[in-house]
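Prediction below, plus the sequence it came from.
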Amino acid sequence: ERNQIIAKLIPDNTSVLDIGCGAQTLRKYLGYGVRYQPCDLIAADGVLFCDFNSGIYPDIQQPFDFVVCSGSMEYARRPEEFIERIAGFGETLILSYISRSDKESKWSRLRAGWLNHLTEKELEALFFRKGLRWSILGEWGRQKIYRLNRD
């Protein structure tokens, strides 16, 4: 469902880098003429390898129109470095993130496999520090889809 929403935000005839693409579900919802480049920890045919927790990011020669990070940032050990690096891969970053509520324990997030525990305020402060303007494109519960652009 999240990738269906994100795909509707991407115009036809643009380019997309899908960070942490997993099963590449975003691809099937994209419009006409969209050039799609998957990127993931699991290497496969046509997939750029990345392991952001080991500091391995793809070698991007030309910026993409859109960089999508759908459900991956929660697994980044160093979210500030992660945001800085992937924001440089394109004009617009579309990022989904489930923030930690003030009452939620970090342990519950660790049990879910998530490696960072930012509240909404902490996440938006990180965007500010990195010189990114943001708007919220969709939300349900604590999960939000952000559109980010450099100042």
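Looks like it arrived, so ask away.

where does the protein have low pLDDT?
Within the chain, no range satisfies pLDDT under 70.

which residues of it fall in strands?
Assigned by DSSP state E, the chain shows strands spanning 15-19, 35-40, 48-49, 64-70, 90-98, 132-140, 143-150.

In JSON lines: the ones you listed, plus mean neighbour count and distance to Leu123.
All C-beta spots, glycine's among them, are computed from the backbone N, C-alpha and C. Output for the strands of the chain, formatted as JSON lines (neighbours: other Cβ atoms under 10 Å; distance: least, Cβ to Cβ, whole Å):
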{"stretch": "strand 15-19", "mean neighbour count": "24", "distance to Leu123": "16"}
{"stretch": "strand 35-40", "mean neighbour count": "19", "distance to Leu123": "22"}
{"stretch": "strand 48-49", "mean neighbour count": "16", "distance to Leu123": "25"}
{"stretch": "strand 64-70", "mean neighbour count": "23", "distance to Leu123": "12"}
{"stretch": "strand 90-98", "mean neighbour count": "21", "distance to Leu123": "6"}
{"stretch": "strand 132-140", "mean neighbour count": "13", "distance to Leu123": "9"}
{"stretch": "strand 143-150", "mean neighbour count": "17", "distance to Leu123": "8"}
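
neighbouring contacts of stretch 44-55?
19-21, 37-41, 43, 56-58, 75-78, 81-82, 85, 115 (Cβ atoms under 8 Å, 6 or more residues apart in numbering).

Any chance of a PyMOL selection covering the buried ones in those?
If you want just the buried ones from the contacts of stretch 44-55 in PyMOL, going by 16 or more other Cβ atoms under 10 Å, the selection is:
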select buried, resi 19+20+21+37+38+39+40+41+57+58+75+76+82+85
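
Serialize the strands of the chain to CSV and add fields for distance to Arg109.
Formatted as CSV, the strands of the chain follow (distance: least, Cβ to Cβ, whole Å):
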stretch, distance to Arg109
strand 15-19, 20
strand 35-40, 22
strand 48-49, 26
strand 64-70, 17
strand 90-98, 9
strand 132-140, 18
strand 143-150, 13
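
Among the ones you listed, which comes closest to Asn3?
Taking Cβ to Cβ, strand 64-70 is the member of the strands of the chain nearest to Asn3, at 5.7 Å.

Show me what the closest one is packed up against.
Counting by 3 or more Cβ pairs under 8 Å, 6 or more residues apart in numbering; DSSP states H and E, the packing neighbours recorded for strand 64-70 are helix 2-8, strand 15-19, helix 79-87, strand 90-98.
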